[in-house]
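> Sequence plus predicted model, see below.
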Amino acid sequence: MTRTQRLKPVQDVVENAEKRLAQSLAVHERRVLEAENKLQELTRYRGEYESQYTQRVGNGIGVLELRDYQAFLARLSDAMRQQQAVVQRVRADRDAERLRWQDAARRVKAIDHVVTTWQTEERKVADRREQRDTDERGQRKKPDYFA
């Protein structure tokens, strides 16, 4: 069994780990997008609600309705702060996952380089062996007129 054949199981394990991490990174990327989209929705909704609030105040509203609008705007602001924290957390998780994937990709590249180097060496050895065998066969089949 050649060195490259012995290294093949290691190469497979490293490549599979890198693929799993790449898939996990894609999941983390989707989570970031979802969290950012939700934050944008909350921001948009708050802006719309503030516009309605401004219009209602301009037309005159009661104290109770004013208090309800302000309370709702405060809850929206809290929800936005919480969502900003979620966005920061999922970004940090994604960045950590990206580092793990990059490390795995470097390992794959290193193993691939070793395998390629070993295959080249094995090919050279096989070529030299074949050339030697060919030379020996040529030596054994000398025509009779040299004898």
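Structure received.
> Could you report the pLDDT at N59?
pLDDT, N59: 84.
> That one: neighbouring residues, count only.
7 (other CB atoms under 10 Å). Backbone N, C-alpha and C define where each C-beta goes, glycine included.
> gap between L25 and L99?
L25 is 10 Å from L99, where distance means CB to CB, to the nearest Å.
> now R46
Distance from R46 to L99, by CB to CB: 34 Å.
> re earlier: which of L25 and L99 has more neighbours?
Neighbours per residue (other CB under 10 Å) separate L25 from L99, with L25 holding more: 19 against 12.
> Now the element after the strand or helix carrying that one, going C-ward?
Following DSSP states H and E, one finds L25 within helix 3-59. From helix 3-59 onward toward the C-terminus, using DSSP H and E, the following helix or strand is helix 63-140.
> From the chain's centroid, how far away is stretch 47-66?
47 Å (CA atoms, centre = their mean, to the nearest Å).
> For it, buried residues please.
Of all the residues in stretch 47-66, those buried under the rule 16 or more other CB atoms under 10 Å are Y53.
> Tell me which residues are up against it.
Y69, F72, L73, L76 (CB atoms under 8 Å, 6 or more residues apart in numbering).
> OK, contacts around the nearest residue to R3 once chain neighbours are set aside?
Nearest residue to R3, sequence neighbours excluded (CB to CB, 6 or more residues apart in numbering): W118, at 4.9 Å. Residues near W118 by CB under 8 Å, 6+ apart: T2, R3, T4, L7.
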